[in-house]
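Enquirer: can you look at this prediction? I've put the sequence above it.
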Amino acid sequence: MRSHFLLVLLTIATTANAVVVRSDVADSRYRVPASAFPALADLPDEGHGVLIAPQWVVTAAHAAPTNCMECDVSIGGVARKIKRVVTYPGYRKLPDAVVNEFLSSHDPSGVYAFLASSDDIALVELAAPVTDVTPIPLFRGNNEMGMTAELAGKGATGNGSDGQDAHSSHRGVLRHAFNIIEGANTRYVWYRFDPPPTALPLEGITGSGDSGGPLLIGQGRSRQLIGLASWGRYPANHPFWKSYATGGPFREGLYGEIVYAVRVSSYVQWMDSVMSAQGSTVAPSTMTP
């Protein structure tokens, strides 16, 4: 299961859905046709990536199809054969010991610390170049804070009042939403799911089923990839923790959740070196750092 670092199983994540939406805005306003994001890659079963060069897709390492070399990646509705997966050297899988400690104590600090220290990014090399879809350029600046970004996915959905629907499919219709980047460090950028009336008109977050999905800035042909859906957390003072500690059900996607996306700008040199070693051409950036 590729729902953010097994955090669905851990009952503490959220960053990979078909978008969890505002409870006071009609779901239909978030739905978009597949043609709105032609460079979006559907990974096997669930999860996403983004076409960034004719023969390369970038995704979250925990969602990468490392054990499915015979599988396809779908881009623009066309199945594309996988040649290999290249995982960033700093990526680490969440250890069972950390998982078990959380499950026994209900204290998520160990899980959060581990996820924050892992480089959750991988490249998928395709067997043949994609010639019918234009790759998305990588953002190469360092001024992400305060930017309004667009996110997209086909996974589970729900709303900020009730949380993510536990029965929602992890591969459904495409939705998008918007949020404001409120923080950044070496590995991640992050944003918060604000409730109305302070939320953006189409505010939302990603959740279960869309790990590796895009966080974008710009519009149309000027879009650039700024982040990849990775993981999420509730702050220590969030009401969820009191309910959960007293036997309440785990619910992802409630207002106040903070979502972390891999900070693409921190990994552009690594991506360039991997792709150039194979003679690939990287889509040029259109924004000056």
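Expert: Thanks, I have the structure now. Residues are numbered from 1 along each chain as shown.

Enquirer: what number of residues lie near residue 33?
Expert: 8 (other C-beta atoms under 10 Å). C-beta: built from backbone N, CA, C; applies to glycine.

Enquirer: then the one 5 residues further on?
Expert: Other residues near residue 38 number 16, with proximity taken as other C-beta under 10 Å.

Enquirer: doesn't residue 135 make contact with it?
Expert: No: with contacts defined as C-beta atoms under 8 Å, residue 38 does not count as touching residue 135, sitting 9.9 Å away.

Enquirer: what is whichever strand or helix holds residue 79 packed up against?
Expert: Taking DSSP states H and E as the criterion, residue 79 maps to strand 78-87. When contacts are defined as 3 or more C-beta pairs under 8 Å, 6 or more residues apart in numbering; DSSP states H and E, strand 78-87 sits against strand 72-75, strand 122-126.

Enquirer: neighbouring strands for the shortest one, and are they parallel or not?
Expert: If I follow you right, that is strand 72-75. Strand 72-75 pairs in its sheet with strand 40-42 (antiparallel), strand 78-87 (antiparallel), by DSSP bridges.

Enquirer: now those strands in JSON lines, with mean neighbour count and distance to residue 52?
Expert: Output for the strands paired with strand 72-75, formatted as JSON lines (neighbours: other C-beta atoms under 10 Å; distance: least, C-beta to C-beta, whole Å):
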{"stretch": "strand 40-42", "mean neighbour count": "24", "distance to residue 52": "10"}
{"stretch": "strand 78-87", "mean neighbour count": "16", "distance to residue 52": "13"}
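
Enquirer: looking at those strands, spot the one closest to residue 214.
Expert: Among the strands paired with strand 72-75, strand 40-42 comes nearest to residue 214, with 6.7 Å by C-beta to C-beta.

Enquirer: what helices or strands is the following helix or strand past that closest one leaning on?
Expert: Next in sequence after strand 40-42, counting helices and strands by DSSP H and E, comes strand 48-53. The contact analysis (3+ C-beta pairs under 8 Å, 6+ apart) places strand 48-53 against strand 40-42, strand 56-59, strand 224-233.

Enquirer: could those strands go into JSON lines alongside distance to residue 185?
Expert: Putting these into JSON lines (distance: least, C-beta to C-beta, whole Å) gives the following:
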{"stretch": "strand 40-42", "distance to residue 185": "26"}
{"stretch": "strand 56-59", "distance to residue 185": "19"}
{"stretch": "strand 224-233", "distance to residue 185": "12"}
